[in-house]
Each structure stands twice: as C-alpha cells, then as structure tokens.
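> pasting a predicted model and its sequence here:
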Amino acid sequence: MIGFISAGFNPPMSLTREEMEFLDRSRIILVDTYTSPNYLKELGDRELTFVGRDKMENYEWMLREEGDVSIVIPGESFSATTHFNIYKEARIRGLEVKVFHNSSIFPAAALAMGLHLYKIGPAVSLPRFKDKFRPLSPYEKVLENQRRGLHTILLLDTEPPMELSDALNEMMWMEAELKGGIFGSDAEIGVVSCLGSKEEMVVYAKISVLKELSIGKTPYTIVIPSELHFQEREAIELFRVGHFDSSR
C-alpha cells in the first residue's frame, strides 16, 4: 500500500494517531521536500528518505517499491497536483492506496484571521523573481479575486522559503508595473508566520508598515483581504499591528 501522509503544519507533533500507525508499519518513509517547507527532520529511530523536485515529479520509482510506502507531505496531500498525479497513476496500475488527511495552509491562513471561508478565492503562488523571470500573473490573479469580492491567500516560494521582505518588494514592483491599486504602500494585508507551531504569529497592517518591521520567521503566508463583512472587519482588527500581541 502507498500511504499519502498529510503531515499538517508542524510534524511530527501534527501527525495523527492513524498516520503514526501507518508510518510505524511502513517499509520506507519518503518525505517531500519540494512542494512546501518540510519540518519533519527525524521520526524516532526511523530512517527517512528526503525527496526533492526531480524525484517527486519523476515518481515511477515510487510505484515499484515493495511493501507499505509512506509519502509524507507537508500540509494536506492533494494541495499540490504533484501528489495527486502519483495517486492517480497508482490507482490506474491497481496499487492499493490510502490518503490520510490533515490541516493545510489553504484555507487555514485566512481563517486564522477571522475571514469567512465562503469568501476565499483561488490561492495564488508568488515565485522568487530572477533577472529574466518577473511574472505579472500573480498580480493579475489577485486582482481577479478582488474584482469578485474574494480574499486571496498568497503562497510564497519555498525553495528556499521566501523572506517576507522579498515578497513585499516583489508585490510593490508588480504594483508599479500594473497600477491596479492592490499592492500599494497603503494597502492593508495579513501576514501569517509559522502557522500551527509555538512560534505562530498573525499580523495585519499596511504594506508600508510591514516593510519596516521584523515579523516572525519563515514560512510566511500573505492574506490579501477583499471587501470585508462587518464580522470579518471586527476580527481582523484583533491582529492589527499595535492592537494586541498577535502571537497565538
């Protein structure tokens, strides 16, 4: 059997009892280090095999492994299409599979700020800019969510985890290029750091304020609110910089 172990926010503490039981009996434990930051560095005396982008995308070898195989995935297993592709191919070949579900940054980052689930739009990924790689598509996708009255969870590059300052600089560069009014210095956004860990921090402020502060540490997730219901507005003010200690 191939078990897709959704590891939640802070493995091994966030692993469920059912997941631990399957891991205990697995012949091999594969830990995904490609799709999001990995915090599972050790698991008792078990040997862990860390799998990066190349081996995760070229997964044929996984399907040939004998015995029970665990694929440990940060967050929720099928948040990334990479893992569903492995699952689909295993099913097609008649292999036994089981999916163990757990918490995911989407939509939990927005819910942690008191935003309503039904108003969260498609997530948007923000890649790390390079000299000749500065895509504007993240901005356009956020703008489309804004036009529909939907909040956006902005997922930051994970290879390595992007610093908040770098993300804000990219957002402001895109604003200067497209001038849609969503990433200006006075725009108010939420920042979630280390969700689910003891170091969790949630803050809400103008981009200009956030650029001047040192907030939490990687991994960061940015939440871009759209039109707010009065309950959401009351909730989000709890996390405004200077209102309360926003660590939880």
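Thanks, I have the structure now.

> how about the helices in this protein?
According to DSSP state H, the chain carries its helices in the segments 17-25, 53-57, 60-63, 81-92, 105-111, 137-147, 164-178, 207-210, 230-236.

> reformat those helices as a markdown table; add mean neighbour count.
In short, each C-beta sits where N, CA and C put it, glycine included. Shown next, in a markdown table, are those (neighbours: other CB atoms under 10 Å):
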| stretch | mean neighbour count |
| --- | --- |
| helix 17-25 | 15 |
| helix 53-57 | 14 |
| helix 60-63 | 13 |
| helix 81-92 | 15 |
| helix 105-111 | 20 |
| helix 137-147 | 18 |
| helix 164-178 | 17 |
| helix 207-210 | 18 |
| helix 230-236 | 14 |
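
> so which of those is nearest Glu199?
helix 164-178 (14.0 Å; CB to CB).

> which parts of this protein are strands?
Applying DSSP state E to the chain gives strands spanning 2-6, 28-32, 48-51, 69-73, 97-100, 124-126, 152-156, 188-193, 201-206, 220-224.

> if we can go back for a sec, and the helices of the chain as TSV, adding mean pLDDT and distance to Ile73?
Compiled in TSV, those are given as follows (pLDDT from 0 to 100; distance: least, CB to CB, whole Å):
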stretch	mean pLDDT	distance to Ile73
helix 17-25	98	11
helix 53-57	94	10
helix 60-63	96	12
helix 81-92	96	6
helix 105-111	95	12
helix 137-147	98	23
helix 164-178	97	23
helix 207-210	96	30
helix 230-236	97	30
